[in-house]
Structures are given as C-alpha cells and as structure tokens.
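S.K.: Requesting a structural model of the entry that follows:
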Amino acid sequence: MGFADQRFNVNLSILFTELPLLERPTAAAAAGFTAVELWWPWVDSPTPEQSELDALKRAIEDAGVRLTGLNFYAGQLPGPDRGALSVPGAESERFRANIDVAAGFAASLGCTALNALYGNRVEGVDPAEQDALALENLTLAARAADRIGAVLLIEALNRPESPRYPLVSAPAAVAVVDRVNEATGLGNARFLMDLYHLSMNGEDLPSVIERFAPKTGHVQIADNPGRGAPGTGALPLEDLLDQLTKAGYDGWVGLEYKPGDRPSAEAFDWLSR
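M.R.: Numbering: from 1, shown residues only. Modelled structure (predicted):
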C-alpha cells in the first residue's frame, strides 16, 4: 500500500492558481492527473452567465480530466467567508439561487460530489436560528444532489484559521450529516474528511478514521504545519491514507495544499518518490 495505491485529484482553487482559471485543467493534466476539484469559482456570483459556465466546462473537457468535486457558492472564499447557507438574509438567498446552478454544472460533467460549507456564526444572531436555516438549505442541497446522483458533503474546518465556523471537529460535522439524512430520508449526505483541518484541531486522526470512515464521502489532504505538500510537515499522511483504505474508503483523495514558493507543477515531487 502507500501513495501509489491512492486516487488523487487536484484542487484547482489552491493549486495552479498562478494560472487563469481556464488554463488550470490543462496544467493539471500535464502534471499527470486525470481528475480535478474546485471551490465555487465565481466568488461574486452564485449565478454566473451561462457563457462562463460553458467556458469552464469546455476547458475541463478539452483537458481530458474529470471534475470529481465542486463546492456550492460559499461567499468570499478565498477570503473571510466560510460558506453562506447558515447566514440569514442575502447570503442564504444567494446560496439557494446557486443550488440548481451548481448541481446542473456538476451534472454536465458527471461530477458526483457537491460540498456545502456551513458558514460562519454571525454576531447578534442566535446560533439556533442559524442552525435551523442551515438544515433547511442543506435539505434543499441534498435533494438537488440526489437528483443528479451525487452526494452532499459536509466539511469540518479548523478553529485557528476559521474561528467563527461552528463545525471545527469531526463529530460536529458528522452530527450535521446525520441531521440532514434524517430530514431528507435520502442518505446522501456524507462527511468530508480533511486531514489537515482535523489535525489543526488537535484531533486523534486514527481514531477519527476508525469512527467515521463509513460516513465519509471524500477525503482531502495537506501536511501540517504549513498546509504544504506531503512531506513538508509532520503528518503521517501515507499511513493515514492506508488506514482509510483498510477501513473501506475507496474514493478520491483531494490534494488541497499550498505549493509554497514554487510553481504548482513542481509541487508533486513527493508522488514520484
């Protein structure tokens, strides 16, 4: 076992960002990858022009790669936001407007994983009100995902970098997964296990894998400290991915790390090793 036995895709919202968006799929293919994933690419618009959607679809298809994961609209990300679906008012409405757009774009490329970031706590708003709104919106998103044969992913982030984000542990995120599945009866909400975020929270990663691998729909990695490529920090990522495989996870592993002070194309030397 080891890295050679994993299926890696490249997150084009954190790698290859030195290139224009439409050039990144080809760059990922040139680096040897067959699949890519994306945060919602249009941070200012949950409903971009059809011509923009078509151009990105064409770039992915022409590069010969698969889109295997896509975030719903999440506000200013990169930036201060961590999702929109639990934020009352305009942001929640923008999320709702995005649901069918994101699902339709994913369906057009055969993408079967949609990630819904929960959103930050808002000062002066009752957390229970935000959680009720979140469940409403996640229910809508889960139903849209189900219509295209996709899973809905719920992600835990880390408290040091996202102090206002409420899902900063694996159990917190999985509890939301369970609530969504109970509300919809569809069973298509799944945990997004990001080993970097969980390690930043000080969680026992082997224990998290043992407990929650059966509810995991996607895995993302970066090393810690630094959020760099595997081998730049101290996480035993190869061993952890082996444990996930033994626990039954056979999905994609998203590379969501920073390339450092080098071009992204040079940030995969750990794979050749």
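
S.K.: for the stretch 151-273 of the chain, what spans make up the strands?
M.R.: 151-155, 189-194, 216-221, 252-255 (DSSP state E, counting those that start in this stretch).

S.K.: Tabulate those (CSV), appending distance to residue 203 and mean pLDDT.
M.R.: In short, each C-beta sits where N, CA and C put it, glycine included. As requested, these are exported to CSV (distance: least, Cβ to Cβ, whole Å; pLDDT from 0 to 100):
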stretch, distance to residue 203, mean pLDDT
strand 151-155, 14, 99
strand 189-194, 10, 99
strand 216-221, 14, 98
strand 252-255, 18, 98
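
S.K.: how about JSON lines for those, with distance to residue 236 and mean neighbour count added?
M.R.: Supplementary listing: the strands of the stretch 151-273 of the chain in JSON lines, determined by distance: least, Cβ to Cβ, whole Å; neighbours: other Cβ atoms under 10 Å:
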{"stretch": "strand 151-155", "distance to residue 236": "22", "mean neighbour count": "26"}
{"stretch": "strand 189-194", "distance to residue 236": "15", "mean neighbour count": "26"}
{"stretch": "strand 216-221", "distance to residue 236": "11", "mean neighbour count": "23"}
{"stretch": "strand 252-255", "distance to residue 236": "15", "mean neighbour count": "22"}
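
S.K.: mind putting those strands in CSV, distance to residue 50 included?
M.R.: Output for the strands of the stretch 151-273 of the chain, formatted as CSV (distance: least, Cβ to Cβ, whole Å):
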stretch, distance to residue 50
strand 151-155, 24
strand 189-194, 28
strand 216-221, 27
strand 252-255, 27
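
S.K.: Show the pLDDT at residue 273.
M.R.: Predicted confidence (pLDDT) for residue 273: 49.

S.K.: so who does residue 74 touch?
M.R.: Contacts here follow Cβ atoms under 8 Å, 6 or more residues apart in numbering; on that basis residue 74 touches 39, 40, 81, 82, 83, 84, 117, 119.
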